[in-house]
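A.B. asks: need coordinates for the following:
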Amino acid sequence: MEFLTKETFLEKVFNFEKNKEWKFEGELPCIIDFYADWCQPCKMVAPILEGLSEEYKGKINIYKIDTEVERELAGAFGIRSIPSILFCPKDGQPQMAQGALPKETFKEVIEDVLLGKKQEA
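C.D. replies: Numbers count the residues shown, from 1 in each chain. Next up is the predicted model:
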């Protein structure tokens with residue numbers, strides 16, 4: 001799991017200074033956890049993400065952004081409540097979820113949105 005600064009975010013996720021339209025820069029799909037140290041629900045999500053980063057190693061990246069430190073990034077995404085979780089597939093638009101999600105929900109989104117395993121009926 002990696003903590004992102006604005007510099008690493010621009011490089012690994014989305015260079016919003018260069019591009020108006022969403023353009024994912026990463027090699028692997030990713031989850032970004034916008035959190036703060038004082039936030040209780042964020043503390044509940046942290047161990048879940050730790051576990052998932054092991055489980056999906058080499059398939060997805062999991063990043064954390066401290067909204068207290070990286071205010072510009074939080075502002076760029078209009079983060080108003082935390083935790084806010086951004087799911088970024090390799091292709092297609094990112095999806096934002098708010099609140100402490102259970103592990104099962106994370107796994108569903110990882111499988112469906114990030115790894116695209118859900119077959120269209």
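
A.B. asks: is the residue lying closest to Leu28 once chain neighbours are set aside bridged to anything, and to what?
C.D. replies: Spatially, and ignoring its direct neighbours in sequence, Leu28 is nearest to Asn61 (5.0 Å; C-beta to C-beta, 6 or more residues apart in numbering). Heads up, the C-betas are built off the backbone N, CA and C, glycines and all. Counting by DSSP bridges, Asn61 is bridged to Cys30.

A.B. asks: for the residue positioned nearest the centre of the chain, which non-adjacent residue is spatially closest?
C.D. replies: Geometric centre of the chain, nearest residue: Ile32, 1.8 Å, by C-alpha atoms, centre = their mean. Nearest non-adjacent residue to Ile32, counting by C-beta to C-beta, 6+ apart: Leu86, 4.2 Å away.

A.B. asks: the one you found belongs to a strand, doesn't it?
C.D. replies: Yes: under DSSP: H, G, I helix; E, B strand; the rest coil, Leu86 falls within a strand.

A.B. asks: let me see the contact set for it.
C.D. replies: By C-beta atoms under 8 Å, 6 or more residues apart in numbering, the residues touching Leu86 are 31-32, 34, 77, 94-96.

A.B. asks: same thing with Glu2?
C.D. replies: Glu2 touches 8, 61-64, counting by C-beta under 8 Å, 6+ apart.
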